[in-house]
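>>> what follows is a predicted structure for the sequence shown.
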Amino acid sequence: MKRVIVTGASGFIGKHFINANKERYNLIPLRVRAEEEIILPEADAILHLSGLAHQKSTTERQAYFDANQKLTQNLFSAAKSIGVNHFIYISSIKVYGPYTGIPFEINSDCKPDNDPYGESKLAAEKDLLQNNSSDIKLSIVRPPLVYGPGVKANMYNLIKMCNTFFPLPLKGVHNKRTVVYISNLVDIIVRIIDSESEGIYCAGDGSDVSTEELVVMIRKYLNRSNNIFPLSGLFLSLLKKIFPDRSQKLFDDLCMNTKASFEDLGFIPAVTTEKGIEETVNWYLDQKQM
């Protein structure tokens, strides 16, 4: 049984990974901070989930680089020093930057300009790749939006918005977004650990989805009417100017080609996006009744 250190074990991905793999690995949750010395127990692999995700706009830029780049660099050095065999880093689709019109590939240029989260994640990736050596295997996983029971932030807010009688101006929004259900992401990580695969991998559910399709699925499992209507080009342009960040999340494309990653790992997602949305909505309704 492999001994696997898990940082960020109390986070969304960490909790699901640990709950799903208690019998598969000897799991060692580890709290790490950039400003503290890192002392590691003996282990076969490290799954590095800890870091700083998107916060309020007032969050200082340096905080992202301390939590995402510096911490990762320190942890990787500590792992190499004690002979850990495999280091798995969970990065983000945000390393690519704004959507360019075609799905991102593993080797697509990464230009996360003016996004300290994406920039710090990319900086961490570069450090790992530059300091990698033959005595440790390195895997980098780039997830898109991760959803499932226990989700917070954007997906939770979208479900909350859908759980109203208000009509939503999302009809005809045929954008393409890659998303990944939490158990699919956990399965990808397990496949990487078990096969000791090295490289960069893009995660996803295997097919992209539009905002309109997401809303239709969410309201279906909320037992609510679709109640969506089209937004004129003029109002859409106005919204994008007034609320650029929110509009980007709702109306713009952001997708990756996961085919090469799946083929390399011999991976087929077990859960479709619709099934994942159903499970997520069921959890949302259950916790609302508690």
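Done, it's in. Numbers count the residues shown, from 1 in each chain.

>>> what residue is smack in the middle of this structure?
Nearest to the mean C-alpha position of the chain, counting by Cα atoms, centre = their mean, stands residue 143 at 3.7 Å.

>>> where along the stretch 101-250 of the chain do the strands fall?
Ranges of strands in the stretch 101-250 of the chain, per DSSP state E, counting those that start in this stretch, are 137-142, 145-147, 168-171, 179-181, 199-202, 228-230.

>>> and the last one, which strands flank it?
This points to strand 228-230. Taking DSSP bridges as the criterion, strand 228-230 sits next to strand 168-171 (parallel) in its sheet.

>>> could you give the mean pLDDT of the strand it pairs with?
Averaging pLDDT along strand 168-171 gives 84.

>>> which residues are contacting it?
For strand 168-171, contacts defined as Cβ atoms under 8 Å, 6 or more residues apart in numbering pick out 161-162, 211-212, 215, 227-231, 235, 250. (Glycine included, C-beta is placed from N, CA and C.)

>>> and those, which of them are in helices?
Secondary structure from DSSP state H places 161-162, 211-212, 215, 235, 250 of those in helices.

>>> sorry, back to before: how about the residue nearest to the centre of the chain, nearest residue that isn't a chain neighbour?
residue 203 (4.4 Å; Cβ to Cβ, 6 or more residues apart in numbering).

>>> what sits against the residue nearest to residue 273 when sequence neighbours are not counted?
Spatially, and ignoring its direct neighbours in sequence, residue 273 is nearest to residue 205 (4.6 Å; Cβ to Cβ, 6+ apart). Residue 205 sits next to 178-181, 184, 269, 271-273, 276 when contact means Cβ under 8 Å, 6+ apart.

>>> tell me the confidence at residue 205?
Looking at residue 205, the pLDDT reads 98.

>>> against residue 93, how distant is the residue nearest to the centre of the chain?
From residue 143 across to residue 93, the span is 7 Å (Cβ to Cβ, to the nearest Å).

>>> try residue 267
As defined by Cβ to Cβ, residue 267 lies at a distance of 17 Å from residue 93.

>>> neighbours of residue 26, how many?
Per other Cβ atoms under 10 Å, the neighbour tally for residue 26 reads 13.

>>> now the one 4 residues further on
Counted with other Cβ under 10 Å, the neighbours of residue 30 add up to 20.

>>> and residue 267, by the same measure?
Using other Cβ under 10 Å, residue 267 has 21 neighbouring residues.

>>> same question for the one 5 residues further on.
Each residue near residue 272 was counted by other Cβ under 10 Å, and the total is 14.

>>> now do the same for it: its pLDDT.
Residue 272 is assigned 98 on the pLDDT scale.

>>> how distant is stretch 106-124 from the center of its chain?
Chain-centre distance of stretch 106-124: 14 Å, with Cα atoms, centre = their mean, to the nearest Å.

>>> point out where the chain drops to low pLDDT.
55-58, 232-249, 251, 290 (pLDDT under 70).

>>> in it, which spans are helices?
Under DSSP H, the chain gives helices at 12-20, 61-64, 71-82, 116-131, 153-162, 182-195, 211-221, 233-242, 244-251, 259-265, 273-288.

>>> looking at the ones you listed, which is nearest to residue 36?
With Cβ to Cβ, the closest approach to residue 36 among the helices of the chain belongs to helix 71-82: 8.9 Å.

>>> contacting residues for the residue nearest to the centre of the chain?
Taking Cβ under 8 Å, 6+ apart, we find residue 143 in contact with 90-93, 180, 185, 203-204.

>>> ok, now residue 29?
Neighbour list for residue 29: 6, 9-10, 14, 18 [criterion: Cβ under 8 Å, 6+ apart].
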